[in-house]
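[1] this one's structure only:
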């Protein structure tokens, strides 16, 4: 069983920064990835960024060059540094843990943290 807890959300002005954290607890021997998703009111949830066990990152085009994902394995925490925020970044941000082969496909979600960006 894996649990995730997000924090760091809040309010920011356009052009400002926030850093989200996702603390992972629980035991697993699986190779995994962790991804950030966001969902704005009235919109579908969308992929924001992801990081693999080896540190490889990927980003949605909408956040490339502004958001940076990193991990601290010792603290079992992944971070999402969000710079040059825009009002359209306003959403509930959630992190997802998902297993990688050869483990059985399984995923876990955190509760989410709200980010609000004002113009």
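    Sure thing, it's come through. Computed from a predicted model, the values in this text were never measured in an experiment. Numbering: from 1, shown residues only.

[2] Leaving out chain neighbours, which residue sits closest to the residue nearest the centre of the chain?
    Taking C-alpha atoms, centre = their mean, the centroid of the chain lies closest to residue 36, which sits 2.6 Å from it. Nearest non-adjacent residue to residue 36, counting by C-beta to C-beta, 6 or more residues apart in numbering: residue 48, 4.2 Å away. (C-beta placed from N, C-alpha, C; glycine too.)

[3] can I assume that neighbour sits in a strand?
    Yes: remark: residue 48 belongs to a strand, assigned using DSSP: H, G, I helix; E, B strand; the rest coil.

[4] Spit out the contact partners of it.
    By C-beta atoms under 8 Å, 6 or more residues apart in numbering, the contact set of residue 48 is 35-38, 59-60, 63, 67, 80, 93.

[5] Give the bridge partners for the residue lying closest to residue 70 once chain neighbours are set aside, please.
    Spatial nearest neighbour of residue 70, excluding adjacent residues (C-beta to C-beta, 6+ apart): residue 79 at 5.0 Å. According to DSSP bridges, the residues that bridge with residue 79 are residue 21, residue 70.
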